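Participant: structure here, sequence nowhere to be found:
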């Protein structure tokens with residue numbers, strides 16, 4: 001992959017976990033939910049249909065692998081998988097673990113007012129756990 005630019009809002013809202021074939025995986029800064037972002041490493045892509053057919057399939061595979069990672073670690077009631085892009089047009093996919101007792105359930109996490117922050121050591125620990133789980137999957 002060539003070097004690509006990530007929207008500054010995505011950078012400020014997340015921390016790098018690992019790099020897959022197509023996407024960077026980043027942990028969202030809102031610690032109220034186990035929440036990662038998949039960002040395809042291509043410039044000037046705002047919609048899934050902007051990717052080649054091959055990369056569309058690869059994105060779907062990487063969403064599936066990421067979903068398995070999230071299920072294995074967090075054992076959620078439901079995974080929310082979304083591609084909005086209303087605020088940040090650069091293509092990115094949210095994979096969020098949800099629980100019936102989380103502060104926004106059953107509503108979307110966006111604009112719920114439910115936020116928390118990672119303590120620096122907890123952020124490092126979560127990144128290590130997620131990265132190690134990716135490495136364990138076939």
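Facilitator: On my side now, so go ahead. Since the structure is predicted, the reported quantities are computational estimates derived from the model, not experimental observations.
Participant: can you list the low-confidence ranges for the chain?
Facilitator: 1-2 (pLDDT under 70).
Participant: could you rerun that using 90?
Facilitator: 1-4, 137-138 (pLDDT under 90).
Participant: that one: helices as residue ranges?
Facilitator: 8-12, 53-74, 120-136 (DSSP state H).
Participant: winner for burial among those helices?
Facilitator: Highest mean neighbour count among the helices of the chain (mean count of other Cβ atoms under 10 Å): helix 53-74, with a mean of 16. For glycine as for every other residue, the C-beta is placed from the backbone atoms N, C-alpha and C.
Participant: other SSEs contacting that one?
Facilitator: For helix 53-74, the elements it packs on are strand 23-28, strand 35-40, strand 78-82, strand 93-98, helix 120-136, judged by 3 or more Cβ pairs under 8 Å, 6 or more residues apart in numbering; DSSP states H and E.
Participant: quick one: closest of the helices of the chain to residue 104.
Facilitator: Nearest to residue 104 among the helices of the chain is helix 53-74 (15.5 Å), distances taken as Cβ to Cβ.
Participant: show me what contacts the residue nearest to residue 83 when sequence neighbours are not counted?
Facilitator: Of all residues not flanking residue 83 in the chain, residue 93 sits nearest, at 4.9 Å (Cβ to Cβ, 6 or more residues apart in numbering). Residue 93 makes contact with 23, 37-39, 59, 63, 81-83, according to Cβ atoms under 8 Å, 6 or more residues apart in numbering.
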